[in-house]
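Enquirer: Quick check, what structure comes out for this input:
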Amino acid sequence: MKDRIAAHNERVKLLSGLFNSLGIGLIVLSLLRPLTDDVASPSYIWAAIGLALHSISYYIVKYIRRKE
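Expert: Predicted coordinates for the structure are as follows:
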């Protein structure tokens, strides 16, 4: 039973890490894009999506199970 819980927890951590990395990447993109792009583009949309993905990663961590 402990192995199943440990495997579940690792999958949850990997999924959370994926959303966290994507979110932080989009936030960095929203900060660096205006520096390299000549056209004034709405970077706040990328920042909002990145913040949402980063928040989802915190929500996913709640699904980690305790070992009995």
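Enquirer: Tell me which stretches of the chain form helices.
Expert: When secondary structure is read from DSSP state H, the chain shows helices at 2-36, 43-61.
Enquirer: I'd like those helices written out as a markdown table, with mean pLDDT added.
Expert: Written out in a markdown table, the entries for those read as follows (pLDDT from 0 to 100):
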| stretch | mean pLDDT |
| --- | --- |
| helix 2-36 | 91 |
| helix 43-61 | 92 |
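Enquirer: Check the gap between the closest residue to residue 9 other than its chain neighbours and residue 34 for me.
Expert: The spatially closest residue to residue 9, leaving aside those adjacent along the chain, is residue 64, at 5.1 Å (Cβ to Cβ, 6 or more residues apart in numbering). Every residue, glycine included, has its C-beta placed from N, CA and C. As judged by Cβ to Cβ, to the nearest Å, residue 64 and residue 34 stand 37 Å apart.
Enquirer: just residue 21 next, same as before
Expert: Residue 21 sits at a distance of 22 Å from residue 34 (criterion: Cβ to Cβ).
Enquirer: Likewise for residue 47?
Expert: From residue 47 over to residue 34 the distance is 11 Å, taken as Cβ to Cβ.
Enquirer: Have a look at the two and say which one is more surrounded.
Expert: Comparing residue 47 with residue 34 by neighbour count (other Cβ atoms under 10 Å), the higher total belongs to residue 47, at 18 against 13.
Enquirer: Now do the contacts for that one.
Expert: When contacts are counted by Cβ atoms under 8 Å, 6 or more residues apart in numbering, residue 47 touches 26-27, 30-31.
Enquirer: Over to residue 28?
Expert: Contact partners of residue 28, counting by Cβ under 8 Å, 6+ apart, are residue 50.
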